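Engineer: how does the following fold in three dimensions:
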Amino acid sequence: MENNNQLLQEKTELQRQLGLPETLSIVINRIIGSGIFRTPAPIMLITASVSMFYGVWVLGGVATILGALCYAELVAMMPKAGGPYVFLKAAFPPVVTFLRGWAMFFVSETGAIAAVALFFSENAVSLFHTGPAKYPVALIAIAVVFMLTLFNSYGIKLSGTLQNIFGLAKIAILVLIVATAFSSGINTANFSSEATTAGPSGWAAVIAIFTAMRYSFFAYSGWEGATYVAEEVKNPSRNLPLSLFGGIGIVMLLYLLINSAYINLLGPAKMGTSTSVAVDSMQIAIGSAGALFVIIAIMVNTFSNVNTQIFVKSRTWFAMSRDQLFFRPLSKIHPRYKTPNYSLYAQAVWASVLILFSTTAKSNYEAVIDYFSFTSSVFNVLTFASVFVLRMKYPDIARPYKTFGYPITLIIVILIQLTFMIVTLITAFIPSLLGIALTATGLIYYKFYVPEESKQLKSSMS
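Structural biologist: Presented below is the predicted three-dimensional model:
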């Protein structure tokens, strides 16, 4: 019972100032970034079928909603800073939670901040300059990361206000693109089976769908964003589940509409070979002004996405440090603004290092997704499995929300993730191994620098 009380109540200096509008905006802002402007092309290229193309987006959305059903139980039960890290900590030994956090900080999460900041910067530079501009792009990206880090260090209210503004702007932009795309009517020929060559069938179709889902999962990624700031949400047992379901539902609808807009204007064949489906679509619709509009729209979306990533992800490093599983200074709270400033600044520094490192290599958007997909899926499966584990370990704990359709829902989402993992390992073997290897380097830090008492702690909810 003592562990149960520690689960529900933990002393914290963070302040609960985020309501439902702010948490809903966090989910929407965290999901909608660069993905919807880039990933439809490789998905169409792989599936070579309009129906399979839609199937990938629907299956990705359904899998995301099923995942949210599981996360809703966990976060309503444990409304603490850190998101998935907190759930793994409660269910598994410290080394598992440490490796998840290590991979997030040094590989996937700060890497995502760097990648989206660079994508913003590339579009900003393209407004004034044509041709290669690696160093100006990198410097602008670093400036954006530090500027938004500074904003987020000045209190939770300012961060919440920015989330609301950007969330509304994103929805308005996507709705405007859809309206423009269909303003001249529906090109039914582009949606017919004759518009594409015969797509794969049988097992080849299954492999194609799950291969393409790498990109739809990437476009939906970030849906769990609000769980990272659970310690700063008012009435978290109510507002966090509502924000997850509402945010994912809104984004799924927008994604289906925006993809329909792309198909309506470009058709499947042009979509599959496009390097920027959004720009190409709007250029067809309203000429060069359309291309300019999309570039500005991408900048707004990516800028707000970087802002949300900086805001929510810093709470994981704060939570890890508080548990003595990461660099100790990162658990410090600013005495006036009550924000984890050291965690924010460390995150900005490492993201900037990755941005500078990017100047030595040629950017490859799809390769980055391949690189992180397998490792992320491994930890996703473990996080979903936490629902099983915690139901057995702590059957009497209060659960304000219980996973709908348990255990069937949980089994389905884990099977989807496992299938996705296997297909990813087969179709992106080398990138998957590299992601695993980089995660494994964290074991060196864990062995020599994590205090022995932290290693000996049994998995708990405290």
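
Engineer: leaving out chain neighbours, which residue sits closest to Gly249?
Structural biologist: Closest residue to Gly249 apart from its sequence neighbours, by C-beta to C-beta, 6 or more residues apart in numbering: Ile65 at 7.5 Å. Using the backbone N, CA and C atoms, a C-beta is placed for each residue, glycine as well.

Engineer: please report phi then psi for the one you found.
Structural biologist: Ile65 adopts backbone torsions of phi -60, psi -40, taken as degrees, to the nearest 10.

Engineer: enumerate every residue touching it.
Structural biologist: 245, 248-249, 252 (C-beta atoms under 8 Å, 6 or more residues apart in numbering).

Engineer: 10 Å - rerun?
Structural biologist: 220, 223, 244-245, 248-249, 252, 409, 413 (C-beta atoms under 10 Å, 6 or more residues apart in numbering).

Engineer: for the residues you listed, which one is nearest Arg336?
Structural biologist: Comparing the contacts of Ile65 against Arg336 with C-beta to C-beta places Leu244 closest, at 31.4 Å.

Engineer: wait, Phe217 sits on Thr419?
Structural biologist: No. Between Phe217 and Thr419 there is no contact under C-beta atoms under 10 Å: 12.0 Å.

Engineer: for those two, indicate the residue with more neighbours.
Structural biologist: Phe217 (26 against 16; other C-beta atoms under 10 Å).

Engineer: just the element for that one, please.
Structural biologist: Per DSSP states H and E: Phe217 is located in helix 203-220.

Engineer: pull out the buried residues from that helix.
Structural biologist: 207-220 (16 or more other C-beta atoms under 10 Å).

Engineer: quick check: neighbours shared by Phe217 and Thr419?
Structural biologist: Going by C-beta under 10 Å, 6+ apart, residues that sit against Phe217 and also against Thr419 are 210, 377.

Engineer: any stretches of the stretch 151-300 of the chain with poor pLDDT?
Structural biologist: Low-confidence segments of the stretch 151-300 of the chain, defined by pLDDT under 70, are located at 156, 159, 193-199.

Engineer: now Met282: how far from Val178?
Structural biologist: 11 Å (C-beta to C-beta, to the nearest Å).

Engineer: who has more neighbours out of these two?
Structural biologist: Neighbours were counted for Met282 and for Val178 using other C-beta under 10 Å; Met282 has more, 27 against 19.

Engineer: gap between Pro395 and Phe218?
Structural biologist: In terms of C-beta to C-beta, Pro395 sits 36 Å off from Phe218.

Engineer: what's the overlap in contacts for Met282 and Val178?
Structural biologist: 261-262.

Engineer: quick one: the helices in the stretch 201-350 of the chain?
Structural biologist: Ranges of helices in the stretch 201-350 of the chain, per DSSP state H, counting those that start in this stretch, are 203-220, 236-273, 277-286, 288-322, 341-358.

Engineer: could you check the angle helix 288-322 makes with the second one?
Structural biologist: I take that to be helix 236-273. 140 degrees (axes from the mean of the first three to the mean of the last three C-alpha atoms, to 10 degrees).

Engineer: check the first one too.
Structural biologist: Angle of helix 203-220 versus helix 288-322, following the same axes, to 10 degrees, is 80 degrees.

Engineer: give me the packing partners of helix 203-220, helices and strands only.
Structural biologist: Helices and strands touching helix 203-220, by 3 or more C-beta pairs under 10 Å, 6 or more residues apart in numbering; DSSP states H and E, are helix 35-38, helix 40-47, helix 50-77, helix 236-273, helix 365-393, helix 408-427.

Engineer: so that helix versus helix 365-393, what angle?
Structural biologist: Using the same axes, to 10 degrees, helix 203-220 lies at 90 degrees relative to helix 365-393.

Engineer: and Met421, how close does it get to Thr427?
Structural biologist: On the measure of C-beta to C-beta, Met421 and Thr427 end up 11 Å apart.

Engineer: related to what we said a few turns ago, the helices and strands packed on helix 203-220: lowest mean pLDDT?
Structural biologist: Mean pLDDT is lowest for helix 365-393 among the helices and strands packed on helix 203-220, at a mean of 83.

Engineer: okay, buried residues for that helix please.
Structural biologist: Across helix 365-393, burial judged by 16+ other C-beta under 10 Å covers 365-366, 368-391.

Engineer: what angle sits between that helix and helix 50-77?
Structural biologist: Using the same axes, to 10 degrees: helix 365-393 against helix 50-77 is 40 degrees.

Engineer: can you give me how far helix 365-393 is from the chain middle?
Structural biologist: Centroid separation for helix 365-393 versus its chain: 12 Å, with C-alpha atoms, centre = their mean, to the nearest Å.

Engineer: what does stretch 338-352 give?
Structural biologist: 19 Å.

Engineer: and it, which residues are buried?
Structural biologist: By neighbour count with 16+ other C-beta under 10 Å, stretch 338-352 contains the buried residues 338-348, 350-352.
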